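# quick one: sequence plus predicted model below, questions after.
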Amino acid sequence: MSEISTTSSFDHVIRRGGTASLKYDAREAYFGRADIIPLWVADMDFAVPETVQRALTERAAHPVFGYTVHPESLYESLILWLGNRHGWAIKREWIVFCPGVVPSLHASIMALCPPGAGVIVQPPVYAPFLSAPVTTGRKLLLNPLKLEDGRYRFDPDDLERCAAEGGRLLILCSPHNPVGRVWQREELQALLSVCERHGIAVVSDEIHADLVYPGMRHVPLATLGDKVKIVTAVAPSKTFNIPGLGLSALVVPEQDDRAAITQAFDTLHVSAGNPFSIAAFEAAYRGGAPWLDALLEYLAGTRDMVREFLHQCLPQIKLIEPEGTYLLWLDCRAMGLNDHQLRHFFVQEAGVGLSAGTLFGEQGSGFMRMNIGAPRSVIQQALKNIAGAAASRNCSHLS
């Protein structure tokens, strides 16, 4: 109980300015003003679990910070977490440690998809999915999600088209950033069926797998069969709020694929891990579960609060119901603003910094992404700011 009572007071406001924080200290550079409420980049404003703080403090107490190796205990922590939390039994030799999920996407594309071949992504989606195929010299193929009755779905028929146009690799976001879907077994099986027919490999980004709301369950794609080549990206970064430490892992069952991915990293002599990232990674997976359970309960309450506020006070903004992640996808199309005007409204009129929907592809036009990984009082103030700005705008139009 001490872990929860001492570290999960998520209502506590922590001042992050002046810590070289992208989310806070880059506000003026990114938004043009330094006083906005920052609910954009995907890290949380909560203190990490006590077990992680303790591990980092103990490691810092040793005065030498030299080159590191990946100890067996590190592998074991990931294997136990995936087994206990997700019912996924993986082997030690399948694990490739990486310097973050985005670099691992690039390395996987380079290893699994020939130059010039097609990489399929499903917008609106995390921006590096859209850029990685292009920067690695592959062809970007779009298989947009379909928004039906307020819920996003795959489009298997359009995926067939992408296969016909030379798609060799699909990058899946599961759970999905930014639309918050937790894909169900039947949906994933239908997707794999198309991939199997056309020999399409899949890189499944599952770094939000632990951030799933009650009533939903994350299904690791790799547990659904071995007829499709599947590489899975996992990390404690989003789960335990340690993305700045930059250590993730790929789960790669096939030896040839592991060798190719490792070679892609070796071409740049990129190192995965340092004394602090290794300590935090292992400590989070070994002792962070109680903190995570409390976090999920808190996030669910904040999500419900936002839903109710929008319904009562801002009906022109529709919440796409999130099933996972701490990121809310807001449908602002009823406001009647173009994307430039929408950004101006939130930043200059409301003083709230959200991620513009267009960052996630043209399918995000008219949408905004809100990060609710912050004390509830901060989210409440942001909502009040938005409502006040909307009211002022309406009054000015009437006058």
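Alright, I've got the coordinates. Every value quoted in this text rests on a predicted model; they were computed, and no experiment measured them.
# domains of the chain?
When the chain is parsed with automatic domain parsing, its domains come out as 2-50+289-392, 63-287.
# any idea of the mean pLDDT in the last one?
So that's domain 63-287. Per-residue pLDDT over domain 63-287 has a mean of 97.
# before we move on, back to that, how about the domains of the chain in CSV, adding distance to Thr57?
Where C-beta positions appear, they are placed from N, C-alpha and C, glycine not excepted. Rendered in CSV, the data for the domains of the chain read as follows (distance: least, C-beta to C-beta, whole Å):
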stretch, distance to Thr57
domain 2-50+289-392, 10
domain 63-287, 9
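# let me have those domains in JSON lines, extended by mean neighbour count.
As requested, the domains of the chain are arranged in JSON lines below (neighbours: other C-beta atoms under 10 Å):
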{"stretch": "domain 2-50+289-392", "mean neighbour count": "18"}
{"stretch": "domain 63-287", "mean neighbour count": "19"}
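# Leu56 is nearest to which of the ones you listed?
For the domains of the chain, the distance to Leu56 is smallest for domain 63-287, at 5.8 Å, taking C-beta to C-beta.
# end to end, how far does the closest one reach?
Terminal residues of domain 63-287 lie 25 Å apart, using C-alpha to C-alpha, to the nearest Å.
# and what of stretch 36-56?
31 Å.
# quick one: mean pLDDT over that stretch.
On average, stretch 36-56 scores 97.
# what does stretch 11-20 give?
Rounded mean pLDDT across stretch 11-20 is 96.
# can I assume Met368 sits in a strand?
Yes - remark: Met368 belongs to a strand, assigned using DSSP: H, G, I helix; E, B strand; the rest coil.
# list the contacts for it?
330, 332, 342, 346, 354-357 (C-beta atoms under 8 Å, 6 or more residues apart in numbering).
# quickly list what it is bridged to.
Leu330, Ala356 (DSSP bridges).
# for it, give its distance to Leu170.
Applying C-beta to C-beta, to the nearest Å, the value for Met368 to Leu170 is 27 Å.
# do the same with Gly180
Relative to Leu170, and taking C-beta to C-beta, Gly180 is found at 20 Å.
# what of Phe360?
With C-beta to C-beta as the criterion, Phe360 and Leu170 are 17 Å apart.
# do the same with Gln316
Distance, Gln316 to Leu170, by C-beta to C-beta: 35 Å.
# do the same with Asp226
Plainly put, Asp226 is 16 Å away from Leu170 if you go by C-beta to C-beta.
# host element of Gly273?
Using DSSP states H and E, Gly273 sits in no helix or strand.
# give the contact list for the closest residue to it other than its chain neighbours.
Leaving aside its sequence neighbours, Gly273 sits nearest to Leu247 (C-beta to C-beta, 6 or more residues apart in numbering; 4.8 Å). Applying C-beta under 8 Å, 6+ apart to Leu247 gives the contacts 97-100, 235, 237, 272-274, 277-278, 280-281.
# filter these down to the ones in helices?
Secondary structure assignment by DSSP state H places 237, 277-278, 280-281 of those in helices.
# spatially, which two of those residues are the most separated?
Longest span within these, C-beta to C-beta: Ser237 and Ile278, 13.4 Å.
# I'd like the contacts of Leu247 as TSV, with distance to Gln189 appended.
Formatted as TSV, those follow (distance: C-beta to C-beta, whole Å):
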residue	distance to Gln189
Phe97	30
Cys98	28
Pro99	32
Gly100	30
Ala235	25
Ser237	28
Ala272	32
Gly273	35
Asn274	39
Ser277	35
Ile278	36
Ala280	35
Phe281	31
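# what's the closest of those residues to Met305?
Using C-beta to C-beta, the contacts of Leu247 come closest to Met305 at Ser237, 25.6 Å.
# Glu206 is in contact with that closest one, correct?
No - using C-beta atoms under 8 Å, Ser237 makes no contact with Glu206, being 12.0 Å away.
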